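K.L.:
give me a 3D structure for the following:
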Amino acid sequence: MFEPIQVLPRIRLAPGYGLTADDGSFVSSETARGAVTLYSFAPTDCGDECAEMFTTLATVQERIDEEVDLGDTDFRIVTIALDGVADPGALAAAAEQSGADGTNWRWYGADEDTTRTVVAAGFRRWYERADDGSIDFDRAMVLVDGNGLIRGEYRYQTLAADHEKFVRHAGILADEIRNADGATALAYEAAHLFLCYP
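P.N.:
Numbering: from 1, shown residues only. Modelled structure (predicted):
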């Protein structure tokens, strides 16, 4: 039976960045080229406030590894620290607390100005530091394809569990990636033209 092709919208270019990773290495937006990356944003000391988000990310990582065929394309999760932290020790501690594995799920950070530029101006995610030093933020996530295009922005929980939505959207993107060459590529471009979005 014929099933209509669905695609995720090509929203806009993701921001360029140069950040410090939880292992102390320098990482840039070019490092992410070729991989599908789910970006999340949180303070390094988020704790219980972020427990649900971190559980969702861990579930997404496990399910995509098991259920989504991305072919030769890697899937990664990156959490960008919102508190202007570029110290690898603090980032590694946050990664361990969140359940990040240090391989497919990493924590990145930078100084306050760079973080503000990348997160607020680039990814267009809202956050602010309160007078007591705590950070109030939008628990949003952003899905970026291997070409550096934002393909999904997730700002709130819907009736479907967040991990269900992410896995389903990763599957849609995986189909497009696997069919990016040959005659089928034309069908996917037509799906973009006619806004065949989920």
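
K.L.:
distance check, residue 19 against residue 30.
P.N.:
According to Cβ to Cβ, to the nearest Å, residue 19 stands 12 Å off from residue 30. From N, CA and C alone the C-beta is placed, and that goes for glycine too.

K.L.:
check residue 149 too.
P.N.:
14 Å.

K.L.:
neighbour count winner among these two?
P.N.:
residue 149 (15 against 11; other Cβ atoms under 10 Å).

K.L.:
tell me if I'm right that the more buried one and residue 8 touch.
P.N.:
No - Residue 149 sits out of contact with residue 8 when judged by Cβ atoms under 8 Å, with a separation of 9.3 Å.

K.L.:
show me where the protein has strands.
P.N.:
Assigned by DSSP state E, the chain shows strands spanning 12-13, 18-21, 26-28, 36-42, 75-81, 105-109, 127-129, 135-137, 141-144, 149-154.

K.L.:
just checking, residue 153 touches residue 11?
P.N.:
Yes - the criterion here is Cβ under 8 Å, and residue 153 meets it with residue 11 at 6.6 Å.

K.L.:
output the below-cut-off pLDDT ranges for the protein.
P.N.:
Applying pLDDT under 70 to the chain flags residues 1-3, 156-161.

K.L.:
now the spatially most central residue of it: closest residue in space, sequence neighbours ignored.
P.N.:
With distances taken as Cα atoms, centre = their mean, residue 38 lies nearest the centre of the chain, 1.7 Å away. The shortest distance from residue 38 to any non-neighbouring residue, by Cβ to Cβ, 6 or more residues apart in numbering, is to residue 77 (5.0 Å).

K.L.:
alright, that wraps it up for me.
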